[in-house]
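Visitor: Pasting a predicted model and its sequence here:
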Amino acid sequence: MNNLLISEPPLQVLPSLAKIVGLNEAIVLQQFHYWLERSNNIRDGYKWIYNSYSKWNEQFPFWSNATLRRTINNLEKQGFFITANYNKAGFDKTKWYRIDYERVSNASAQNEQTSCSKCASASAQNEQTNTNRLPENTTETNNNMSDNKSDQKEKVDYGKFIEWFNQKTGKRFKNVESNRKIIRARINEGYSKSELAKVVEFKSKQWKDDPKMNPYLRITTIFAPSHFGNYLNEANGYSKSSNISTTTTSDGQRAGKSIEEIEAERAKHLKEIEERAREKLNEH
């Protein structure tokens, strides 16, 4: 077999991402995303990855160390990478990285707006020169298109939802576009209002009375694209590995309960969370 054809795991990159951040940057960004999804290094509510430049270079053997450093620094400067130092040894300067997924989404949206503007401009020029263009859509056609569009996305009163979020978490977030945007993004991905509310209920139960985690009861954390799916799985699973601030197995065993009884209580508690979330949404 020709050894220049794919016979090993390839590095992947989307042309649309390369158009936004640059080819080298898109390759690194995609690779960091790959490892972040598999990372167990969670600090301050986020997944992080770390490595020395020499180790990173092993994953990009076609670049010099200088090229790799420049590419990573470019992503930092553009705000796509957020860095920190969680090393135990004070002398250890190895950087920890996470991706600012909201920055990626904003860059994508800006690129789409630019593309749409160019398309609209080209379309307008074409219409000016085309004297035999087709008639405008009828009212019936426009109405049908509007109905189909509304069927595809679940309607959400973002003002009431954010107000309910504040009541549940004890916070004071405002009904502003930056908050609406991140909630809307999860709805557009196919999550339902009840699933959003379930995660809010679940994380409030976990974090509200925990001084260390309470600051992370915020819209940008709970509905972050890199977090929300995992949080929903936690809420749905309510498994033994969940770090829930309610009765643990050892607490139940000290109280003389069997493991079966403890698991039954956990399942009942999760059902109560779902019912309360559904009731709150029905009120709105």
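Guide: On my side now, so go ahead. Numbering: from 1, shown residues only.
Visitor: Show the contacting residues for residue 66.
Guide: Applying Cβ atoms under 8 Å, 6 or more residues apart in numbering to residue 66 gives no contacts. Backbone N, C-alpha and C define where each C-beta goes, glycine included.
Visitor: how about a cut-off of 10 Å?
Guide: residue 53 (Cβ atoms under 10 Å, 6 or more residues apart in numbering).
Visitor: And it, how close does it get to residue 48?
Guide: 25 Å (Cβ to Cβ, to the nearest Å).
Visitor: With residue 17 instead?
Guide: 21 Å.
Visitor: Point out where the stretch 51-200 of the chain drops to low pLDDT.
Guide: The model of the stretch 51-200 of the chain has pLDDT under 70 over residues 110-154.
Visitor: hmm, 90 instead?
Guide: In the predicted model of the stretch 51-200 of the chain, residues 51-55, 59, 87-94, 101-157, 187-195 satisfy pLDDT under 90.
Visitor: For it, which segments count as helices?
Guide: Counting by DSSP state H, counting those that start in this stretch, the stretch 51-200 of the chain has helices at residues 53-59, 65-77, 101-129, 139-152, 158-169, 177-188, 193-207.
Visitor: Contacts for the shortest one, please.
Guide: The reference is to helix 53-59. 11, 27-28, 31-32, 34-35, 49-52, 63-69, 71-72, 94-95, 97.
Visitor: Mind doing that once more with 8 Å?
Guide: 31, 63, 65, 68-69, 72.
Visitor: now stretch 221-237
Guide: Contacts to stretch 221-237, defined as Cβ under 8 Å, 6+ apart, come from residues 36, 45-47, 98-99, 101-102, 105, 182-183, 185-186, 189, 191, 195-196, 198-203, 216, 242, 270, 273.
Visitor: Which entries within those meet the buried criterion?
Guide: Buried subset of these (neighbour count, 16 or more other Cβ atoms under 10 Å): 36, 45-47, 98-99, 101-102, 182-183, 185-186, 191, 195-196, 198-203, 216, 242, 270, 273.
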